[in-house]
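Undergrad: just to be clear, the model below is a prediction. Sequence and coordinates:
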Amino acid sequence: MASINQGRMTHRHEGELVVFHIGMTVNKWWRPDQWMPLMGDMPRMLRELITDPESGLLGSTMLLGARGPYLVQYWSSLEKLYAYASAPQQEHRPAWTRFNRRARKVPGAVGVWHETYIVERAETIYVSTPAMGLPKATEIVPVASRHDRARARAADGLTRGPAPVS
């Protein structure tokens, strides 16, 4: 069991930060031949990314929604996320090809979705929790007295993107 960080914690991160949400909706539960293969593909992709420090994946959290699994990923850059998604020699491209082949045979059995956010600033608070979310993916730090309120943490932008190019 992960240790609990006592007190109020936040995160700190310098540089680009991308939050990527990806999930699947199981529309036909009676067709496990359509959705079970996807359940097997994601752990292989995550294992590949986690074992490659240059991949750009900072961390991830798996959630289970009413319609299927949902993964939140934190990336060091949009370029690295796109590079992984399009690399034919890595797990994602072949998995996507297999999904599309199955989807054409049984349309609508499974849905997939993703959302990509380029984060300029982020505010977080974690009280008496194990490291999770952004602090686990980046750096966990105690909340300083001047950052006691969410407004102050957001105003100071504890997560900052790259400096603007002039």
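TA: Cool, got the structure. Please read all numbers here as calculations on a predicted model, not as lab measurements.
Undergrad: show me what contacts the closest residue to residue 59 other than its chain neighbours?
TA: Distances taken as C-beta to C-beta, 6 or more residues apart in numbering place residue 137 nearest to residue 59, at 3.0 Å, with adjacent residues excluded. All C-beta atoms are positioned from the backbone trio N, CA, C, and that covers glycine. By C-beta atoms under 8 Å, 6 or more residues apart in numbering, the residues touching residue 137 are 11, 58, 59, 60, 74.
Undergrad: all the strands of this structure, residue numbers only.
TA: Per DSSP state E, the chain has strands spanning 5-14, 18-26, 57-64, 69-75, 110-118, 126-129, 139-142, 159-160. These are given in chain order.
Undergrad: of these, which approaches residue 150 most closely?
TA: Of all the strands of the chain, strand 5-14 sits nearest to residue 150, with 9.8 Å by C-beta to C-beta.
Undergrad: and the residue nearest in space to the middle of the chain, what are its bridge partners?
TA: Residue closest to the mean C-alpha point of the chain, counted by C-alpha atoms, centre = their mean, is residue 73 at 0.9 Å. When bridges are called by DSSP bridges, residue 73 pairs up with residue 20, residue 60.
Undergrad: I am finished for the moment; much appreciated.
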